[in-house]
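Chemist: I would like to see how this sequence folds:
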Amino acid sequence: MKKKARVLAFYLPQYHPIPENDLWWGKGFTEWTNVGKAKPLFKGHYQPRVPADLGYYDLRLSETRQAQADMAREYGVEGFCYWHYWFGNGKRLIDRPFNEVLESGEPDFPFCLAWANETWKGFDHGLINRNILIEQLYPGIEDYTAHFYEVLPAFKDKRYITVDGKPLFMIYKPLANPEVIAFMKVWRELAVVNNLIGIHFVGHNNDMNDSVQDILSTGLDAVNTTRLNRYIVQNRSFITKVYGKLNKLFRNIPNAYSYEAMSEWFIIPEIDKQEKVYPSIIPGWDHTPRSGRDGLVMTNSTPEIFEKHVKDVVKLVEDKADEHKIIFIKSWNEWAEGNYMEPDLRWGTRFLEVFKKQLL
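Modeler: Below is the predicted model:
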């Protein structure tokens, strides 16, 4: 059956130990460490989240990567968008899963890359402090060139996802540094030298202070809109704000809002219907496995409410050219953020089933 959209799912590769994580968090740390230690922090809080069909997997195993791809394909996902970490001066992290996918040719499932050009701080990953763990640098043309040639084998792989014949490459923080513009210029020139017709650069937009037009003005080809916090920033009532502060102050409860209320504000049709805008599907959010009572929680995310959200997002792209009917799922497997499509013990494959129903 024909799909109504090209749906790409963000894919977190942090489910295997690396020396840096051993140093920062303790021997053997992976994302499952945060997931497993999570506890309910208020009545009705859905924690811990326990994976079902795929279990507590290790991404060093090819069988795991194959099972993920088979499941994603079965339910209509076109491909994975792997988070890609290049901090400058050749420094990469948690790159083994994708490197093995690339080198082995398996799974035979489409992919693209999203450069997570962000400094890592302790709080974001599970520590109580905000100390810098590793800084994102922009060293200049020599580094951008080395980065390009590191990624070039992926661009030339037959599985790499393209738009208008160009490999799709996302930049997580397109406005983080003016050097991003120089970076894109270098890559576009090197693409032509290496027999590519260009790069389809997509900027991620999850900051309500940045407009789509601000991002496109840097020379990006498209923008992926992810308005996770729009309800909190722009649409909470005064009473809701006060209630949240009182809960935090006197009951030590994290900020928690219903998924139904928040999901109403994930999209802006007049913007997301534009040809150069790729909207997002968001199945839920709960950052407390990493940040405890300082986290944000979307409560009562059910398959039924999620299905309405999927239907609304799919409708946004119906009038676009087929190549540009792109939607990103945030995310395939961000378990420590309560942000995943993989089956858990509560819902099984229900989220995947309603997603497929609305996509086909």
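Chemist: Not counting its neighbours along the chain, what's nearest residue 107?
Modeler: Leaving out its chain neighbours, the residue that sits closest to residue 107 by CB to CB, 6 or more residues apart in numbering is residue 69, at 3.7 Å. Every residue, glycine included, has its C-beta placed from N, CA and C.
Chemist: Sticking with the one you found, tell me its helix or strand.
Modeler: Counting by DSSP states H and E, the element that carries residue 69 is helix 62-74.
Chemist: what's the next secondary structure element after that helix?
Modeler: As assigned by DSSP H and E, the chain's next helix or strand after helix 62-74 is strand 79-84.
Chemist: That next one pairs with which strands, and in what direction?
Modeler: Paired neighbours of strand 79-84 in the sheet (DSSP bridges): strand 6-11 (parallel), strand 111-115 (parallel).
Chemist: Deepest-packed of those, please.
Modeler: Comparing the strands paired with strand 79-84 by mean neighbour count (mean count of other CB atoms under 10 Å), strand 6-11 ranks first with a mean of 25.
Chemist: average model confidence for that strand?
Modeler: Regarding strand 6-11, the rounded mean pLDDT is 98.
Chemist: Spit out the contact partners of the nearest residue to residue 150 once chain neighbours are set aside.
Modeler: Closest residue to residue 150 apart from its sequence neighbours, by CB to CB, 6+ apart: residue 86 at 7.3 Å. Residues in contact with residue 86 (CB atoms under 8 Å, 6 or more residues apart in numbering) are 92, 115, 117, 147, 150.
Chemist: Could you measure from residue 86 over to residue 153?
Modeler: Residue 86 sits 14 Å away from residue 153, taking CB to CB, to the nearest Å as the criterion.
Chemist: can you check residue 49 too?
Modeler: 35 Å.
Chemist: Show me which of those two is the more surrounded one.
Modeler: Remark: of residue 49 and residue 153, residue 49 carries more neighbours, 20 against 12, as counted by other CB atoms under 10 Å.
Chemist: Contacts only, for the residue nearest to the more buried one when sequence neighbours are not counted.
Modeler: Nearest residue to residue 49, sequence neighbours excluded (CB to CB, 6+ apart): residue 344, at 5.3 Å. Neighbouring residues of residue 344 by CB under 8 Å, 6+ apart: 49-52.
Chemist: Now for those residues, which sits with the most neighbours around it?
Modeler: Most surrounded of the contacts of residue 344: other CB under 10 Å gives residue 49, at 20 neighbours.
Chemist: who's in contact with it?
Modeler: By CB under 8 Å, 6+ apart, residue 49 lies in contact with 35, 38, 286, 289, 335, 338, 340, 344, 346.
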